[in-house]
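Engineer: for reference, the sequence and a predicted model appear below.
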Amino acid sequence: MEKTLSIIKPDALKSGYSGKIIAMLEENGFVIKAMKKLHLTKKQAEGFYIVHKDRPFYDSLCAFMSSGSVIVMVLEKENAIAGYRTLMGATDPSKAQTGTIRSLYAKNIEENAVHGSDSKESADFEISYFFSRLEII
Ligand code: CMP
């Protein structure tokens, strides 16, 4: 079993898509091990996305991620990291495969509905950013 971190982003929450997205996760066999709703500060968003600090979109991304509430979840499944990335679809929704979360619910390459860890190393960092060990047993 593998764990990954999922975030439902402010655009999707504001549009009322969180229930549909959570249903897709469960229909695809992901077990929600932990979940919370938060409104990140810009500093907290900057800390989460620190790997992107030199990218031109970093400031705008962190402003967006702190513009409204998010739902963060720890998901568990066999090969959860790769499986969830497949279910999300490409970062840019115009390139996302039909039927994926981003093809259905993302607005654009930045306001793209959901986030998922891209490797075991980032899943470890991202899960521990939001959850203590006690919360994910
Ligand atoms: P996410 O999977 O959360 O990882 C980094 C985020 O940066 C990505 O989703 C998008 O929200 C955002 N992002 C990636 N590329 C771009 C880009 N070219 N322009 C604006 N935002 C981007």
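Structural biologist: Nice, thanks for sending it over.
Engineer: wait, residue 36 touches residue 71, no?
Structural biologist: Yes: Residue 36 is within contact range of residue 71, at 7.3 Å (criterion: CB atoms under 8 Å). Using the backbone N, CA and C atoms, a C-beta is placed for each residue, glycine as well.
Engineer: neighbour-wise, which of those two wins?
Structural biologist: Taking neighbours as other CB atoms under 10 Å, residue 36 and residue 71 compare with residue 71 leading, 18 against 12.
Engineer: if I've got this straight, the more buried one is in a helix?
Structural biologist: No: under DSSP: H, G, I helix; E, B strand; the rest coil, residue 71 sits outside any helix and is assigned strand.
Engineer: what's across from it in the sheet?
Structural biologist: residue 8, residue 37 (DSSP bridges).
Engineer: just list the residues touching it, thanks.
Structural biologist: Applying CB atoms under 8 Å, 6 or more residues apart in numbering, we find residue 71 in contact with 7-8, 13, 18, 22, 35-37.
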